[in-house]
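> Here is the input, now give the coordinates:
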Amino acid sequence: MPETIIASIPQEQDDTVLEVALIHDGATEPRVELRSLIWGTGLGWYRRQTLTMDGATARDLIRSLTQAHRRMGGSAEFGRKVIPFPRPSVSQAPAEPQAMQR
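As a prediction, this is how the structure comes out:
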């Protein structure tokens, strides 16, 4: 199943990320997957949870997240600011999630 990783969003704990993927399987319209990944020593990155949604649901989620962002005091430019990915020190750095073999 061909996929494109859109983003790997770091979480509060260094050993967890939220991965956003676009799935193209050819049988249906492209879908979006939100994946909660966790780092396991000796295992690498693995999925803890996956939420799959169609395009309409993804659009509704974006609208809802935009409203939540504004209510939290964010600007209307939600989604347009580039946030640098924090890099842990080399001695502590787990492998990037995209390097995970599928």
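
> so where does residue 51 fall, helix or strand?
If you go by DSSP states H and E, residue 51 is part of strand 44-53.

> before we move on, what about residue 17?
Residue 17 is part of strand 16-23, with elements assigned from DSSP H and E.

> got the angle for the strand holding residue 51 vs strand 16-23?
Here the directions of strand 44-53 and strand 16-23 differ by 50 degrees (axes from the mean of the first three to the mean of the last three C-alpha atoms, to 10 degrees).

> Direction included, what does strand 44-53 pair up with?
The strands beside strand 44-53 in its sheet (DSSP bridges) come out as strand 31-40 (antiparallel).

> remind me which residues of this structure are low pLDDT?
Within the chain, the ranges that satisfy pLDDT under 70 run 1, 75-85, 88-102.

> Pick out the residue closest to the middle of it.
Most central in the chain under C-alpha atoms, centre = their mean is residue 19, positioned 2.3 Å from the mean C-alpha point.

> Quick check: neighbours of the strand holding residue 17 in the sheet, parallel or antiparallel?
In the sheet, strand 16-23 lines up with strand 3-10 (antiparallel), strand 31-40 (antiparallel) (DSSP bridges).

> For it, what is the distance to the chain centroid?
Once both centres are worked out by C-alpha atoms, centre = their mean, to the nearest Å, strand 16-23 turns out to sit 3 Å from its chain's centre.

> Now do the buried residues in that strand.
Neighbour counts over strand 16-23 (16 or more other C-beta atoms under 10 Å) mark 16-17, 19, 21 as buried. For the C-beta atoms, the positions are set from N, CA and C on the backbone; glycine is no exception.

> buried residues in stretch 23-33?
Of the residues in stretch 23-33, 31-33 count as buried by neighbour count, 16+ other C-beta under 10 Å.

> Just the buried residues of stretch 53-68, please?
The neighbour-count check on stretch 53-68 (16+ other C-beta under 10 Å) flags residue 58 as buried.
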